[in-house]
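# Following is a predicted model, sequence given first.
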Amino acid sequence: MKRVYQIVFLSAVIVIEYLAVTTREIEAVSHSWDKLNHVLAFMVLYVLFLLAFTKLSEKVKITLLLIYALHIEIIQHFIPGREFSLLDITADIIGIILGLILSKLFASRKDLTQNI
């Protein structure tokens with residue numbers, strides 16, 4: 001099952017990366033509240049990261065997701081029509097925190113790791 005979580009996590013990273021760097025207008029994304037998209041994306045990424053890579057510490061997972069959030073914003077700075085946004089990074093951090101809280105709430109479930 002861990003392999004499935006790893007594939008889903010990496011697939012989510014690829015989709016988020018595409019959405020972050022594309023210059024195409026994607027209706028479902030552009031018609032929703034941008035900050036909510038960031039919160040939900042990073043909440044899901046944290047939970048998937050937790051399930052996919054059980055040997056990494058919580059601190060390492062959070063650090064890597066923060067680096068990923070910064071990476072996205074730096075790339076967007078150089079894409080026409082996109083921009084670097086500290087508010088987006090803040091929304092990403094909120095998503096990570098919510099993912100952490102969610103994982104702690106469901107820690108007793110057998111499908112979550114023991115490293116929570």
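Now that the structure is in, tell me what you want to look at. Numbering: from 1, shown residues only.
# Can you tell me the closest non-neighbouring residue to A41?
Nearest non-adjacent residue to A41, counting by C-beta to C-beta, 6 or more residues apart in numbering: I16, 5.4 Å away. C-beta coordinates here come from the backbone N, C-alpha and C atoms, glycine included.
# and the one you found, how many neighbours does it have?
When neighbours are defined as other C-beta atoms under 10 Å, I16 has 19 of them.
# That one and Y5, how far apart?
Relative to Y5, I16 is positioned 16 Å away (C-beta to C-beta, to the nearest Å).
# now L36
L36 is 24 Å from Y5, where distance means C-beta to C-beta.
# For the residue nearest the centre of the chain, pull up the helix or strand it's in.
The residue lying closest to the centre of the chain (C-alpha atoms, centre = their mean) is F42, at 2.7 Å. Element membership of F42, judged by DSSP states H and E, is helix 34-52.
# now do Y68
Judged by DSSP H and E, Y68 forms part of helix 58-77.
# Let me know the pLDDT of the residue nearest to A41.
For I16, the pLDDT comes out at 93.
# secondary structure class for it?
helix (DSSP: H, G, I helix; E, B strand; the rest coil).
# Fine by me, we can end here.
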